[in-house]
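Pasting the sequence and the predicted model now:
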Amino acid sequence: MHHNYKMRIRNLDLHFGSKHVLKNVSLDIPPNKIVALIGPSGCGKSTLLRCLNRMHDLNPDARIKGEILLDGHNILHGNTNPVGVRRKVGMVFQKPNPFPKSVFDNVAYGLEINGLNDRHKMAARVEESLRGSYLWDEVSDDLHRSALDLSGGQQQRLCIARAIAVAPEVVLMDEPCSALDPISTARIEALMLELKKDFTIVIVTHNMQQAQRVADYTAFMYLGELIEFGETRQVFESPREDLTREYVKGHFG
Amino acid sequence: MNRHFIQTLGHASMVACAAAVVAFLGLILFELVGQGSTVLSWEFLSAFPRKGMTEGGIFPAVFGTTLVTLVSTLFAAPLGIACAIYLQEYAADNFFTRLVRASIRNLAGVPSIVYGLFGLALFVQGMGLGASVLTSGLTLALLTLPSVITTTEEALRNVPRLTREGALALGATKWETIYTVVLPSAVPGILTGVILALSRAAGETAPILFTGVAFYTRYLPGSPFDEFMALPYHLYILSTQHHAIAEVRPLAYGTALVLLLLVLLLNMMAFVVRARYRRSA
C-alpha cells in the first residue's frame, strides 16, 4: 500500500561534518494528515524536517544518505532539482520571517517567481491565500502596509499564506508557534486542521499538548533515531517504547 | 585609592579623551569657518577664477570634483557590489577566496600616491586614455573599491539567514533569492558604503595628480577625455604653489571650507539614507 503515502523516508542518515545527526530514519507520511515530530532538543527533528525540502543543500557540511520519496520520486537523487522540490514542499519557520515588503508582495512573491504575471489572477490568489490563513479580515483594509508592522501571530499567518499561495503539496512547519502567544497559537492550530484538507502537513513541535491537539500521527525521536511512530493517541496513551513513555510523561526533555 | 576613586578617574580620563577628539574637529571647523566664510558667496561658488586665481571663484574646481567623483562611483559601485555578491554569496571558503579577501584588505592599505602612479602607468600611458576625467575617475574607483566591497559584504552578511530561507523555501533559485530579497534588504548598508566611498574620493589629491587634474582650465571639461580642475588640488595650489600666496590665503580657506562642506554633505546623505531605511525596515 506504499502508493498511499505522500512521502516516504527510507533509511535516512545525515552527518554534519563528523557528527552523526540522523541515524537510519524511516518514516511514512500519509496524505492529508498532520504528522508531528517530537523529542527533546537536539534529537534531530528539525534536521529531519529540513531534509524534506532539501534545505540542507545550503550547508556544505551536510552529507545525506538514504531516500526520501515524494509521490514515489526520490527527491534526494542527484538529478532532482531542489528548487522544484521546494515548490512542491513548502515551509513555515520557527520565527515568523516575512520579507521586508508589503503584505501583498509577501504573498505574491512565490507566485511571481513561479511566473504568474496576470494582475487580476495575482490579486485573486493573494486574497484566496490570505483568506485561507484567516488573515484576510485583519489586513484587507490595507494590503500595502509593511508586513513588519503586523503582530507576531499575524506575521506567522502571513508566512502560512505565503507558503500555501504557491499551492504546494506538503507544508512543513518548524515549531511554528514557539514565538507566539496562546491566542495566536490557537488560531494557527485551528488553521492547520483546516489546511490538512488540501495539504499534507509535517510539524515539529516542543509542545506535547499541541501534538495531541493537531496531529494524526506522531513520531518520537531521540538522539537522531526514530524511536516510535504511530497514531498520536497510541503514542501518547499506550507507547510501545519505554523511552517514549518517559518522554511523553515529561520525565525528561 | 579606593575603588570608587578609580572608577571616577577612569571615567574622567575617557571623557577627556573623547573631548580631545571633538576639540580637534572643533578647532579645524572653527578655523575654516572663521577664515573661509568671509570669501564664501554665490559668486565664489559660481564664477571662474580671474587674474591668475587671485580673484573670482572656484566653480570649475567644484564642478570637476563632483564630476570625477560621480565617474569613479559609476565604475566602483557596480564592480564592487558584484565582487561582494560573489565573495559573500557564491564563493566557497577556500584558499582562493581567502587570498582575494586578503588582497582587498591590502588594497585598502595602499597609499593613495601609489594609486596615482598606477593610474598614470596603466590608464594614461598603458591604455593611452591621456590625463582626463575618465582616467582620474578610474583611478579613484580603484582607490574606493576595497571599501565598497567590504561594506557591501558586511551589508549582505547582515541579511538574516531566515529571510533567505523564506525565499528559497518558496522555490526561489539562489539568484532570485539574492536579487529579490537579499539585495533589497542590504540596500541601506550598500548605499551608505558607496556614499562614504564617494566622500573619500572627493577629497583625494594624489590619485588625480598625474591622471587628469589641471592647474587651471579656461573651460569646463566637455568630454570624459578632457582635463579638469578639482577642489583638493586647487587648495594645494593656492596654499603652496601660488605666486602670491599671502594674497590668496582667504581664497584657500574658502576652498577648504567648500571641500569640507561637500564631504560633510555626502556624509549627511549616508546618515539620512541609513536612518530612513532603518525606520521602514
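That came through fine.

And the residue of the stretch 1-150 of chain B found nearest chain A, how far from B:Val100?
In the stretch 1-150 of chain B, the residue that lies nearest chain A is B:Ala92 (7.1 Å; Cβ to the nearest Cβ). Every residue, glycine included, has its C-beta placed from N, CA and C. Distance, B:Ala92 to B:Val100, using Cβ to Cβ, to the nearest Å: 12 Å.

How about the residues of the stretch 101-250 of chain A by chain B?
A:101, A:109-110, A:113-114, A:146, A:148, A:159, A:162-163, A:166 (Cβ under 8 Å from any Cβ of the partner chain).

before we move on, back to that, which of B:Ala92 and B:Val100 has more neighbours?
Taking neighbours as other Cβ atoms under 10 Å in any protein chain shown, B:Ala92 and B:Val100 compare with B:Val100 leading, 15 against 7.

coming back round to it: most neighbours, which of the residues of the stretch 101-250 of chain A next to chain B?
Neighbour-wise, these (other Cβ under 10 Å) top out at A:Arg162, 31 neighbours.

follow-up on the earlier one: would you agree the residue of the stretch 1-150 of chain B closest to chain A is in contact with A:Asp61?
No - using Cβ atoms under 8 Å as the test, B:Ala92 is too far from A:Asp61 to be in contact (11.9 Å).

residues contacting the closest residue to B:Thr139 other than its chain neighbours?
Leaving aside its sequence neighbours, B:Thr139 sits nearest to B:Gly119 (Cβ to Cβ, 6 or more residues apart in numbering or on different chains; 3.1 Å). Listed by Cβ atoms under 8 Å, 6 or more residues apart in numbering or on different chains, the contact set of B:Gly119 reads B:135-136, B:138-139, B:142, B:207, B:210-211.

Okay, and which of these map to helices?
Using DSSP state H, B:135-136, B:138-139, B:142, B:207 are the members of the contacts of B:Gly119 that sit in helices.

Just the buried subset of the residues you listed, please.
For these, a burial check counting by 16 or more other Cβ atoms under 10 Å in any protein chain shown picks out B:135-136, B:138-139, B:142, B:207.

Which one of these is nearest to B:Phe215?
Nearest to B:Phe215 out of these is B:Ser136 (Cβ to Cβ; 14.4 Å).

gap between that closest one and B:Val114?
15 Å.

can I get the ones in helices among the contacts of B:Gly119 in JSON lines with distance to A:Val35 and pLDDT?
As requested, the ones in helices among the contacts of B:Gly119 are arranged in JSON lines below (distance: Cβ to Cβ, whole Å; pLDDT from 0 to 100):
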{"residue": "B:Thr135", "distance to A:Val35": "66", "pLDDT": "95"}
{"residue": "B:Ser136", "distance to A:Val35": "65", "pLDDT": "95"}
{"residue": "B:Leu138", "distance to A:Val35": "60", "pLDDT": "95"}
{"residue": "B:Thr139", "distance to A:Val35": "62", "pLDDT": "95"}
{"residue": "B:Leu142", "distance to A:Val35": "57", "pLDDT": "94"}
{"residue": "B:Pro207", "distance to A:Val35": "64", "pLDDT": "92"}
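
ok so, going back, what pLDDT does the model give the residue nearest to B:Thr139?
In the predicted model, B:Gly119 carries a pLDDT score of 93.

all strands of chain A, in order?
A:7-16, A:19-29, A:34-38, A:62-70, A:73-74, A:89-92, A:170-174, A:200-204, A:217-222, A:225-231 (DSSP state E).

and the first one, what does it pack onto?
When contacts are defined as 3 or more Cβ pairs under 8 Å, 6 or more residues apart in numbering or on different chains; DSSP states H and E, strand A:7-16 sits against strand A:19-29, helix A:45-51, strand A:62-70.

export the ones you listed to JSON lines and tack on mean neighbour count, distance to B:Ile178 and mean pLDDT?
Output for the helices and strands packed on strand A:7-16, formatted as JSON lines (neighbours: other Cβ atoms under 10 Å in any protein chain shown; distance: least, Cβ to Cβ, whole Å; pLDDT from 0 to 100):
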{"stretch": "strand A:19-29", "mean neighbour count": "18", "distance to B:Ile178": "28", "mean pLDDT": "96"}
{"stretch": "helix A:45-51", "mean neighbour count": "23", "distance to B:Ile178": "20", "mean pLDDT": "96"}
{"stretch": "strand A:62-70", "mean neighbour count": "18", "distance to B:Ile178": "21", "mean pLDDT": "95"}
